[in-house]
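J.: Generate coordinates for the sequence data below:
(2 chains)
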Amino acid sequence: MLEYAWLIPVFPFAAFILIAILPKRTLSWEDGAGYAIGGAAAALILSVLVIWEVMSGSTMVGDGPKFEWLIIGDISFTFGIWIDQLTAVMLVVVSVVGTLVVIYSGGYMHGEGENRRRYYAEIMLFISVMYGLVISDNYLQMFIFWELVGLCSYLLIGFWYEKPSAASAAKRAFIVTRVGDIMLMAGIIILFKYVGSLDFVTLFDQDNAAAVPTDMMVLATVLIFGGAIGKSAQFPLHEWLPDAMEGPTTVSALIHAATMVKAGVYLTARSYPLLIQAPESLLFVAVIGGVTALLAATVALVATDIKRVLAYSTISQLGYMTLALGAGGYLVLYADTGGGYSAAILHLMNHAFFKALLFLCAGSVIHAVGTNNMRLMGGLGKKMRITSMTMLVGALAIAGIPPLSGFWSKDEVLAAVYHAGEFDGIFFLLWFMGIATVFMTAFYMFRMWFMTFAGEPRSDYHAHESPKLMTVPLVILAALAAVSGFALFISDGFKYFIEGSIGGLLHEVHHESATDMLGVIFGDPLTYVSLVLATGGILLAYKMYYLPGFDRSVFARGIPGRLQVALENRWYISKFYDDFALRVVYSISLVADAFDRYVIDGIVNGFAYLGGRSGNVMRTMQTGNVQRYAGLIVIGLCLLLIFMLYIVPWGGW
Amino acid sequence: MIPIEYWLVFSSLLFCIGAYGVLTKRNAIVVLMCIEIMLNSANINLVMFSSYHTVLHGGADPSGQAFALFSIAIAAAEVAVGLAILLSVYRQYRTIEVDKINILRW
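T.: From the prediction side, this is the model:
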C-alpha cells in the first residue's frame, strides 16, 4: 500500500484547489474550514496507515513508482516517493500537528471574515507541499517543494499584509531563507556534477558517493546544510523566525512545529549518508547547532512578547536537533551507533507536539487578552483553566521534566553529544553549551508561564476561556506532548526503528530492551545534572516571577544591566543585518544602479543616438538633384571597374 | 581597315562627352541629347565588333548590326517619351532646368 503514499499530499492540495475556486456559498462553515479539516484528516489517516506499514517492516526506498517529467539527453528527472522510517515519522508529525492546527483555526480565525478563505487555502497548500517535501525521492523534487514551502510561509506570515510590520516580516522570512536556498541549490549542483544523478538511491550508495572528491563532498554537504541553516533558522540566519511572529498564531504553530523549520532538520537528517562522507561538515553542523541553541535561549530570557519567547525557544530547540545530528554523525562513524541521529528525530517529534501546544496555548491567550505583551497579562490561570493547564504541560515538557516527552529526547541529545566528545574534544564544549541551555530553557518557559497565568491582572481585560474548538486540540496536543517521549520504548524502541533509515551506514544494529534503556538513562549521572539544572531554572523563575518581593532591579545595573540591554537587542544581530543591508548592500545596489543607468543604458542610448545622428548626416546626400545621383552612379561604376580590372587580378583572386 | 583601337578610343570619347553633358548641363533637353550621344557611342561599338567578327572568324554575323538598329529604334521611342515628360514637367514648374526640379528628396 506504500505506493499510494503519493495521495498524502494530494488530499490537502485538492482542499486547497476547492477552497480557492468554489463559489462562496458552497464553502459554508467558516469559509472553507470544513474542506480544510477534511483534506488534513484524509492525509492524517493515510499517514497513520503508512507508519503502520513501515513499523511492520516494509519500506519503499528507490523502488517506488516514478513519474518522469524532464528528459535531457540521457538524464531524466522524476517525481517519486521514498518511504522509510524517517519519512514515516515526519508524515505523522506533519499530519497530526497540521490537522489539529486546522481544527483550532476554526475557532481562532473566526473573526477574520472574508480573509478566512485565503487563510484556509494557503494553510492547505502549506501542509500539502510539506508532505511533498517529506516523501521526495530526489533532491530536485525536494528542492521544488522546499521553495514552495518558503513561498507558503511568505504568504502566511504576511497574512495581514495591510500591516507594514507583517509585510516586511514576510519579506524578511522569504529573503533570508532564500540565502540558504541558494546554498542548497549550489550543493545539489555540485553533487549532480560528480555523480550525474539526484536520486537518493544513487547518491546514497556509498560507492557512488565516493566518486565525489573529498573536498568537494565537504563543500557540497556544508552547502546543503546551508539550506537547513536558512530554513531551520540556525545562527546566523535565525533572525527571520522571531519576526515571523507577525502572522496569525496558528501559522506560527504550523511553521514552528510541523512545516518550514522542520524541513531544514529533515533535510540534514535525510542527507546523512552524504554527511557521513565528510566529518568536517558534521563538526560544522554540530557547532552551528550548539551555538544556535545557546544564543537563542539567552535572548528568550528577556523577551516580553509571548510569541517571541516561543520563537526563540524554537530556534534553541532546533539548535539541539542540529547539534544531535552533528554529534550523531560522529557516533555513526566512530562508535557505530545511531544514538545521536535517533535523538535528533525523537526531539523533532516531541518538539513538534509540545511547541504546537505552546503556540496554540499562546494563541488562546492572545485571543482572550488581545495583546502579545506579557507585561500586560497576569492572573489568567483562574479564568483560562484548560489553557493554563495544557500550557503548563507544554512548559514542563520543553523544560525536560520526566516523564514528559522533552525529558527523554533532550536527555538522549545531550548523552549523544557527550558521547561524541570521546572522538573530538569540541563536543565537550558543545555539551556544556547544551546543558547551560537546559537551565535557561526551564527558566524562560516558567518565566513566561508565571507572567501570563500567575499573579494579578496587570491591565484591564475581560478574559474568558476559548471555545471548545480551540481547547480540544489543546488537550489532545497536551496528551501527545506528555506521552510522545515513550516512543523510545514502543515495541523494539524508537532508536531501533529510526536506525532503519540509516541502516546502510551501521555495521550492526544495536537492540536494547526498555529496561536496559531506562537503566542507561537513570544510571548516568549526567541525566541528574540536566534534571537538577532544569529544576533550578524553574525554581529561579518561581522565585523571580511568582513570589512577591524579589528585587529585579539588580539586573538593571552594571554588567548584568548591560548584558540585559544586549539581550533585549537580540545580541544586535538583527541590527547588524539592518546596518549591513543599509551600508554594504545598499552601496552595492547604488553602484549597480549607476552601472545600469550609465553604462548599460549608456550603450543602448548611444547606439540609438549614433543611428539618429548618422541618419541626419546621411540624409543630406538625398538632395533630389538627378544629376548628382547620376554623377554618383558614374563614380561608383568607375570604382567598380577599377576594382574588377586592376585590384582583383592584382590580388590574384 | 581602320585599327580596332581607333574605334574604341572614338566611342569612349563619345561616351565621355555624353556623360559629361548629362552630368553638367542644366537644360533637360540638352541632357536628353547627351544621352543620345552616349547611346550612339554604344551603337558604334556594336557595329564595329560585328564587322570585325566577319573579318576575324570568317562568315558574316549580323547580330551586332541588328542590335544597333534595335537600339536606334528604342532611342527614338525614348526621346518621344522623354520630350513628353519634359513637356508636362514644364507645364507643372514652368522650367526644365534639372537642378530646379528637386522636390523628390528628404
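J.: switch to C-alpha atoms for all contacts and neighbour counts from now on
T.: Noted.
J.: Quick check: residues of chain A near chain B?
T.: A:619, A:620, A:622, A:623, A:624, A:625, A:626, A:627, A:628, A:630, A:631 (CA under 8 Å from any CA of the partner chain).
J.: give me the element residue 45 is part of.
T.: All of this is about chain A. Assigned by DSSP states H and E, residue A:45 belongs to helix A:33-55.
J.: Chain B is the one I meant
T.: Per DSSP H and E: residue B:45 is located in helix B:28-57.
J.: how about the helix holding residue A:45: buried residues?
T.: A:33-44, A:46-51, A:54-55 (16 or more other CA atoms under 10 Å in any protein chain shown).
J.: that older thread, among the residues of chain A next to chain B, which are in helices?
T.: A:619, A:626, A:627, A:628, A:630, A:631 (DSSP state H).
J.: quick one, what contacts the most centrally placed residue in chain B?
T.: Residue closest to the average C-alpha location in chain B (CA atoms, centre = their mean): residue B:39, at 2.0 Å. Residues in contact with residue B:39 (CA atoms under 8 Å, 6 or more residues apart in numbering or on different chains) are B:15, B:71, B:75.
J.: Which of these fall within strands?
T.: In strands, defined here by DSSP state E, there are no members of those.
J.: Among these, which one lies nearest to chain A?
T.: Taking CA to the nearest CA as the measure, chain A lies nearest residue B:15 of these, at 11.7 Å.
J.: got a pLDDT number for residue 40?
T.: Picking chain A for this. The model reports residue A:40 with a pLDDT of 88.
J.: let's do chain B instead
T.: pLDDT recorded at residue B:40 is 92.
J.: Quick check: the closest residue to chain B within the stretch 501-650 of chain A vs residue B:99, distance?
T.: Closest residue of the stretch 501-650 of chain A to chain B, CA to the nearest CA: residue A:624 (4.3 Å). Distance from residue A:624 to residue B:99, counting by CA to CA, to the nearest Å: 9 Å.
J.: need the contact list for the residue nearest the centre of chain A.
T.: Chain A has residue A:261 as the residue nearest its centroid, 1.9 Å off, counting by CA atoms, centre = their mean. Applying CA under 8 Å, 6+ apart to residue A:261 gives the contacts A:231, A:232, A:233, A:255.
J.: so how far is residue A:570 from it?
T.: 20 Å.
J.: cool, residue B:57 as well?
T.: For residue B:57 relative to residue A:570 (CA to CA), the value is 110 Å.
J.: Same drill for the two, tell me which one is more crowded.
T.: In this view residue B:57 and residue A:570 are compared by other CA atoms under 10 Å in any protein chain shown, and residue A:570 has more residues nearby, 20 against 9.
J.: nearest residue to the more buried one other than its sequence neighbours?
T.: Nearest residue to residue A:570 in three dimensions, chain neighbours excluded: residue A:299, at 5.8 Å (CA to CA, 6 or more residues apart in numbering or on different chains).
J.: Roughly how far does the one you found sit from residue A:11?
T.: Residue A:299 is 40 Å from residue A:11, by CA to CA.
J.: May I see the buried residues of stretch B:12-21?
T.: Within stretch B:12-21, the residues scored as buried using 16+ other CA under 10 Å are B:12, B:14, B:15, B:16, B:17, B:18, B:19, B:20, B:21.
J.: and those residues, which of them are in helices?
T.: Counting by DSSP H, those place B:12, B:14, B:15, B:16, B:17, B:18, B:19, B:20, B:21 in helices.
J.: pLDDT weak spots in the stretch 551-653 of chain A?
T.: Confidence mapping of the stretch 551-653 of chain A against pLDDT under 70 gives the ranges A:551-558, A:653.
J.: let me redo that: chain A
T.: A:26-27, A:30, A:491, A:509-510, A:549-558, A:653.
J.: Same check on chain B?
T.: B:106.
J.: Pull up the residues of it that are close to chain A.
T.: Checking chain B against chain A by CA under 8 Å from any CA, the hits are B:22, B:23, B:24, B:98, B:99, B:100, B:101, B:102, B:103, B:104, B:105, B:106.
J.: out of the residues you listed, which are buried?
T.: Members of the residues of chain B next to chain A classed as buried by 16+ other CA under 10 Å are B:22, B:23, B:98, B:99.
J.: Just list the residues touching the residue of the stretch 501-650 of chain A closest to chain B, thanks.
T.: Residue A:624 makes contacts with B:101, B:102, B:103, B:104, B:105, B:106, as judged by CA under 8 Å, 6+ apart.
J.: how far away is it from residue B:104?
T.: 5 Å.
J.: Ok, residue B:57 next?
T.: From residue B:57 to residue B:104 the distance is 51 Å (CA to CA).
J.: Look at residue 29 and say how many residues are nearby.
T.: You didn't say which chain, so I picked chain A. Neighbours around residue A:29, by other CA under 10 Å: 11.
J.: Chain B was what I was after
T.: Neighbour count of residue B:29, defined by other CA under 10 Å: 17.
J.: tell me the contacts of it?
T.: Neighbour list for residue B:29: B:83, B:86, B:96 [criterion: CA under 8 Å, 6+ apart].
J.: Okay, helices next: where are they in the stretch 551-653 of chain A?
T.: Along the stretch 551-653 of chain A, the stretches classed as helices by DSSP state H, counting those that start in this stretch are A:558-568, A:573-580, A:586-594, A:601-619, A:626-642, A:648-651.
J.: Save the ones you listed as CSV, and put in distance to residue A:211 too.
T.: Output for the helices of the stretch 551-653 of chain A, formatted as CSV (distance: least, CA to CA, whole Å):
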stretch, distance to residue A:211
helix A:558-568, 46
helix A:573-580, 39
helix A:586-594, 39
helix A:601-619, 46
helix A:626-642, 66
helix A:648-651, 59
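J.: can I get those helices in CSV with mean neighbour count?
T.: Below are the helices of the stretch 551-653 of chain A laid out as CSV (neighbours: other CA atoms under 10 Å in any protein chain shown):
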stretch, mean neighbour count
helix A:558-568, 15
helix A:573-580, 14
helix A:586-594, 13
helix A:601-619, 12
helix A:626-642, 14
helix A:648-651, 10
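J.: which stretch among those helices comes nearest residue A:395?
T.: Closest of the helices of the stretch 551-653 of chain A to residue A:395 is helix A:558-568, at 21.8 Å (criterion: CA to CA).
J.: circling back: roughly how far does the residue nearest to the centre of chain B sit from chain A?
T.: According to CA to the nearest CA, to the nearest Å, residue B:39 and chain A sit 15 Å apart.
J.: mind listing the strands in chain A by residue range?
T.: Counting by DSSP E, the strands of chain A are A:66-72, A:75-80.
J.: Can you say which of the ones you listed is nearest to residue A:178?
T.: Set against residue A:178 and scored by CA to CA, these come closest in strand A:75-80, at 23.1 Å.
J.: mind listing the helices in the stretch 251-400 of chain A by residue range?
T.: A:261-270, A:272-275, A:279-300, A:306-330, A:339-369, A:385-399.
J.: Looking at these, spot the one closest to residue A:158.
T.: Among the helices of the stretch 251-400 of chain A, helix A:306-330 sits nearest to residue A:158 (CA to CA), with 16.1 Å.
J.: Can you give the distance of that closest one from its chain's centre?
T.: In terms of CA atoms, centre = their mean, to the nearest Å, the centre of helix A:306-330 is found 11 Å from the chain centre.
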